[in-house]
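Asks: pasting a predicted model and its sequence here:
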Amino acid sequence: SVVSAPSHIILVQKSILERPSHVQKELSLFTEVEYVEPNQIITLRKTPNDPELSELWGLVNTGKSGTKGMDIGAEAAWDISTGDKKVVVAVIDTGVDYTQPDLADNMWINSAELNGQPGVDDDNNGFIDDVYGWDFGNMDNDPLDDHGHGTHCSGTIGAKGNDGFGLVGVSWDVSIMALKFLTRSGSGTLAGAVAAIDYATQMGADIMSNSWGAYSTSKALEEAVQRADDAGILFVAAAGNESRNGDLQPLYPAGYREPNVISVAASNSSGGLAYFSNYGEQSVHLAAPGVDILSVTPKGYESWSGTSMATPHVAGVAALLFAHNSALTHLEVKDRILNAVRPLPALKGKTITGGMLNAHFALKNQKYQP
Ligand code: CA
């Protein structure tokens, strides 16, 4: 039971002292014992105890993959904020496996419907029994993920942190609104996307994470993004995976120039632009980790690559910023993210900022410093 005993000080496990106090008393009877107090673990860095952390190079790159320290600075960021359930991120995708133990606690819940009556639109929002969000692909109230993509993105944003289990997301605590419009096949309709964005706007999301796109433009889609902007909602979107110059051939919605849009390229663990990533000196704002990203799917833990995986890193950092300072506007959050990027040679001329996402300096509201 004695953990360490430097000369005359005895440190015992805390559990011993929480039980009968006679242990403490008896130890104190020895004349050589000056005092007895519980031992404690001293943490310099707020490091979560989730076992898979060392595999998440995008958050904390230990050098196991690529370049040590080539990450978003999550560890230092977590000293400032680890997120807040009050921040709502709408994941507009293939749905979310809200039964996953790493996600269940961080799901957005429509409490009016949870505590309401089955078959009744309790909150009068036009949707009946929309507890977790809505499925705009199958037009029903269950946005459970039968593909995997939306769950993977959600894990990066907000797998529950410091729960001693599985993964940790960028934001340890957050509320993920599940909006499905892509069905089992991974495809969906424009009308479904517009309806999902409008639902998130109506229900007061802070951030929308959009790991999808099309090369044709749509007035209806752009207007939905504008309505989100008018409502003060940040709109993070994937730049696309076709190695294209988005200045010439933009993927939408990432390519819309509405003020709330952040277009995200994918970087690898060595600080390079991912070979597949779209880019654009005038149209893609920054890069974020998007190669071999471990996250959760309905089948278990899987590593996926794509600007789809980069986008939720940015949405997660935006969630940390809103959690840290709820008075920030969506455009202030965007500015902080863009001003704090880590400049990298491979991203110069390929992105507007020439850099990679950095959570630490975004939270400090400073330019990146090595
Ligand atoms: Ca409802």
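Replies: Received it, and whenever you're ready, just let me know what you need.

Asks: low-confidence ranges in the stretch 1-150 of the chain?
Replies: 1-25, 27-28, 30-45 (pLDDT under 70).

Asks: flag every residue of it that's near the ion.
Replies: With C-beta under 5 Å from the ion as the criterion, the stretch 1-150 of the chain meets the ion at residues 121, 123, 125, 127, 130. Every residue, glycine included, has its C-beta placed from N, CA and C.

Asks: helix or strand for the closest residue to the first one other than its chain neighbours, just tell me which one.
Replies: Distance criterion C-beta to C-beta, 6 or more residues apart in numbering; nearest residue to residue 121, sequence neighbours excluded, is residue 128 at 4.7 Å. Using DSSP states H and E, residue 128 falls within no helix or strand.

Asks: okay, now residue 128: neighbour count?
Replies: For residue 128, the count of nearby residues is 16 (other C-beta atoms under 10 Å).

Asks: one more: residue 86?
Replies: 12.

Asks: what of residue 302?
Replies: 15.

Asks: ditto for residue 217
Replies: 12.

Asks: next, give phi and psi for the closest residue to it other than its chain neighbours.
Replies: Closest residue to residue 217 apart from its sequence neighbours, by C-beta to C-beta, 6+ apart: residue 252 at 5.4 Å. Residue 252 adopts backbone torsions of phi -110, psi 140, taken as degrees, to the nearest 10.

Asks: can you name the residue of the stretch 201-350 of the chain nearest the ion?
Replies: The nearest approach of the stretch 201-350 of the chain to the ion comes at residue 203, 9.2 Å away (C-beta to the ion).

Asks: how close does that residue get to residue 196?
Replies: The gap separating residue 203 from residue 196 is 11 Å, by C-beta to C-beta, to the nearest Å.

Asks: which one's more surrounded, those two?
Replies: residue 196 (30 against 19).

Asks: pretty sure that one sits against residue 181.
Replies: Yes. Contact status for residue 196 versus residue 181: in contact at 4.7 Å, counting by C-beta atoms under 8 Å.

Asks: overlap in contacts of those two?
Replies: 92, 136 (C-beta atoms under 8 Å, 6 or more residues apart in numbering).

Asks: hmm, back to that, the residue nearest to residue 217 reaches residue 224, doesn't it?
Replies: No. Here residue 252 lies out of contact with residue 224, judged by C-beta under 8 Å, at a distance of 11.2 Å.

Asks: once you drop chain neighbours, what's closest to residue 77?
Replies: residue 359 (3.6 Å).

Asks: compute the number of surrounding residues for that neighbour.
Replies: For residue 359, using other C-beta under 10 Å, the count is 30.

Asks: ranges for the helices of the stretch 151-300 of the chain?
Replies: Secondary structure of the stretch 151-300 of the chain by DSSP state H, counting those that start in this stretch: the helices cover 190-202, 219-230.

Asks: can those helices go into CSV with extra columns for distance to residue 157 and mean pLDDT?
Replies: Formatted as CSV, the helices of the stretch 151-300 of the chain follow (distance: least, C-beta to C-beta, whole Å; pLDDT from 0 to 100):
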stretch, distance to residue 157, mean pLDDT
helix 190-202, 14, 96
helix 219-230, 17, 97
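
Asks: pick the most deeply packed of those helices.
Replies: Highest mean neighbour count among the helices of the stretch 151-300 of the chain (mean count of other C-beta atoms under 10 Å): helix 190-202, with a mean of 21.

Asks: just checking, what packs against it?
Replies: strand 83-93, strand 133-135, strand 173-180, helix 219-230 (3 or more C-beta pairs under 8 Å, 6 or more residues apart in numbering; DSSP states H and E).
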